[in-house]
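**Student:** No letters, just coordinates:
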């Protein structure tokens, strides 16, 4: 019997969206449980590390978003070929965390002057980051191998807000632009995106 | 032929120590290349994401410390059984990052008042963190399964400074204390520790 997956997180993309995209891309059913603060407070004590997201698999629970991504990718065949290819996908997914932290820090900064400074830093950081990823990407818009892996999905998830603000942000990075196209071309992803709530982060 | 591993990082434990411990515990030879600022500046341009640590395997290069840990653990048989056990080890290794960030932030804080505040927060955070890990640990002092994995090594590496400052920090966490013993009992680890440079972080 196919495993029963339940992913619990807040109603934002944040640290769960890549897991949702992995299941969607693989055409694997999962319960997309989105909780509010009160619901989370009620279950927090039972969480292994007191944190969200949580992934339940046939009643067993795990946490730590990036470990969830890897597990979901392995189970659904989206982690890349075992060995060096899988390690490369892992490296690229981990690297997205560097961008995520910078984007989230700027987004949530309350001091306006500091926020402007952080946004200014991003103007330099983002193209450098894209430059590295462009070099690491395969010629057909797949980061590793010749088909979709969760590294492609991670890039798509992690650049959502950048591309929303500036649709031409990838104009100098043709391979990365192709990654975004390839992800959007996936039927499961397209169906999921058409239905998902529109959230700020 | 056995792969040729070269790990490049600064002369500190930091974000490379777990990789060193994995190779040591598995009895796998690796070149422990420790560079200074000038040496790093000379090779930075060639690094995939402009960051250390770097792992070279038969001339191919990867970065991102946590991806390196997983790759090294997989290749040396220390990642736990494929599937749920491996995911649990991964989760525990990822969780150590939460502690690492807090310890490093407090360590490098220059403002004395802020530093005191961060250290005070650690007094509450660390026992809570240990409480979670104690619950997640197996009865014999192995986090997953019944033998050493890189989750045990990660706990050992990540608590080095805490246990250096307060040798009794694990007195209420008998399973975690056993993890530390199990790691120290590993001959490869013991030999490596006897030789490694003593650094602050």
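**Tutor:** It's in. Note that this is a predicted model, so its numbers are computed, not measured. Numbering: from 1, shown residues only, chains lettered A, B, ... in the order given.
**Student:** burial of residue A:152, as a residue count?
**Tutor:** Neighbour count of residue A:152, defined by other Cβ atoms under 10 Å in any protein chain shown: 30. For glycine as for every other residue, the C-beta is placed from the backbone atoms N, C-alpha and C.
**Student:** what's the distance between the residue located most distally from the centre of chain A and residue A:120?
**Tutor:** Checked against the mean C-alpha position of chain A, the extreme residue using Cα atoms, centre = their mean is residue A:113, at a distance of 29.0 Å. Noted for residue A:113: a distance of 11 Å to residue A:120, by Cβ to Cβ, to the nearest Å.
**Student:** Then residue A:50?
**Tutor:** The value you get for residue A:50 to residue A:120, if Cβ to Cβ is used, is 35 Å.
**Student:** Now do residue A:174, the pLDDT please.
**Tutor:** Residue A:174 is assigned 98 on the pLDDT scale.
**Student:** count of residues packed around it?
**Tutor:** 13.
**Student:** Provide a list of residues in contact with it.
**Tutor:** Residue A:174 sits next to residue A:134 when contact means Cβ atoms under 8 Å, 6 or more residues apart in numbering or on different chains.
**Student:** Roughly how far does residue A:140 sit from residue B:200?
**Tutor:** According to Cβ to Cβ, residue A:140 stands 46 Å off from residue B:200.
**Student:** Oops, could you answer that again for residue A:137 instead?
**Tutor:** Counting by Cβ to Cβ, the gap between residue A:137 and residue B:200 amounts to 38 Å.
**Student:** same thing with residue A:68?
**Tutor:** Residue A:68 sits at a distance of 33 Å from residue B:200 (criterion: Cβ to Cβ).
**Student:** Which residue of the two possesses the greater neighbour count?
**Tutor:** Neighbours of residue A:68 and residue B:200, each counted by other Cβ under 10 Å, are more numerous for residue A:68; the result is 26 against 9.
**Student:** And for the closest residue to the more buried one other than its chain neighbours, the neighbour number?
**Tutor:** If the residues on either side of it in the chain are set aside, residue A:68 comes closest to residue A:55, at 4.6 Å by Cβ to Cβ, 6 or more residues apart in numbering or on different chains. When counting by other Cβ under 10 Å, one arrives at 26 neighbours for residue A:55.
**Student:** Can you tell me who residue A:55 pairs with across the strands?
**Tutor:** Beta bridges link residue A:55 to residue A:7, residue A:62, judged by DSSP bridges.
**Student:** Now the helix or strand harbouring residue A:127: buried residues?
**Tutor:** Take DSSP states H and E as the rule and residue A:127 turns out to sit in helix A:112-136. Applying a neighbour-count criterion of 16 or more other Cβ atoms under 10 Å in any protein chain shown, the buried positions in helix A:112-136 are A:118, A:122, A:126, A:129-130, A:132-134, A:136.
**Student:** so what secondary structure elements neighbour the helix or strand hosting residue A:9?
**Tutor:** Using DSSP H and E, residue A:9 sits within strand A:5-10. Contacting strand A:5-10 under the criterion 3 or more Cβ pairs under 8 Å, 6 or more residues apart in numbering or on different chains; DSSP states H and E are the following elements: helix A:17-26, strand A:31-35, strand A:54-57.
**Student:** starting at the chain centroid, how far to that strand?
**Tutor:** Once both centres are worked out by Cα atoms, centre = their mean, to the nearest Å, strand A:5-10 turns out to sit 14 Å from its chain's centre.
**Student:** what residues does chain A put near chain B?
**Tutor:** Proximity of chain A to chain B, by Cβ under 8 Å from any Cβ of the partner chain, involves residues A:48-50, A:57, A:60, A:62-64, A:66-67, A:70-71, A:74, A:82, A:84, A:87-88, A:90-91, A:93-95, A:98, A:128, A:132, A:135-136.
**Student:** before we move on, the earlier item: now for the helix holding residue A:127, which elements pack on it?
**Tutor:** If you count contacts as 3+ Cβ pairs under 8 Å, 6+ apart, helix A:112-136 packs onto helix A:84-108, helix A:174-185.
**Student:** neighbouring contacts of it?
**Tutor:** With Cβ under 8 Å, 6+ apart as the criterion, helix A:112-136 contacts A:88, A:92, A:95, A:98-99, A:102-103, A:105-106, A:109, A:143, A:155, A:162, A:169-170, A:172-176, B:48-50.
**Student:** picking that back up, between the helices and strands packed on helix A:112-136, which one is closest to residue A:78.
**Tutor:** Closest to residue A:78 of the helices and strands packed on helix A:112-136, according to Cβ to Cβ: helix A:84-108, at 8.5 Å.
**Student:** Next, the angle from that closest one to helix B:84-108.
**Tutor:** 50 degrees (axes from the mean of the first three to the mean of the last three Cα atoms, to 10 degrees).
**Student:** average pLDDT across helix A:84-108?
**Tutor:** 97.
**Student:** how far is that helix from where the chain is centred?
**Tutor:** Between the centre of helix A:84-108 and the centre of its chain there are 9 Å (Cα atoms, centre = their mean).
**Student:** what angle do it and helix A:17-26 make?
**Tutor:** Inter-element angle recorded for helix A:84-108 and helix A:17-26: 130 degrees (by the same axes, to 10 degrees).
**Student:** which strands and helices sit next to helix A:84-108?
**Tutor:** For helix A:84-108, the helices and strands in contact under the criterion 3+ Cβ pairs under 8 Å, 6+ apart are helix A:65-76, helix A:112-136, helix A:150-158, helix A:160-165, strand B:60-62, helix B:65-76.
**Student:** Correct me if wrong: residue A:79 contacts residue A:86.
**Tutor:** Yes - under the criterion of Cβ atoms under 8 Å, residue A:79 makes contact with residue A:86 at 5.4 Å.
**Student:** list residues touching both of these two?
**Tutor:** Taking Cβ under 8 Å, 6+ apart as the contact criterion, no residue touches both residue A:79 and residue A:86.
**Student:** any idea of the pLDDT on the nearest residue to residue A:56 once chain neighbours are set aside?
**Tutor:** Nearest residue to residue A:56, sequence neighbours excluded (Cβ to Cβ, 6+ apart): residue A:6, at 4.2 Å. Residue A:6 is assigned a predicted lDDT (pLDDT) of 98.
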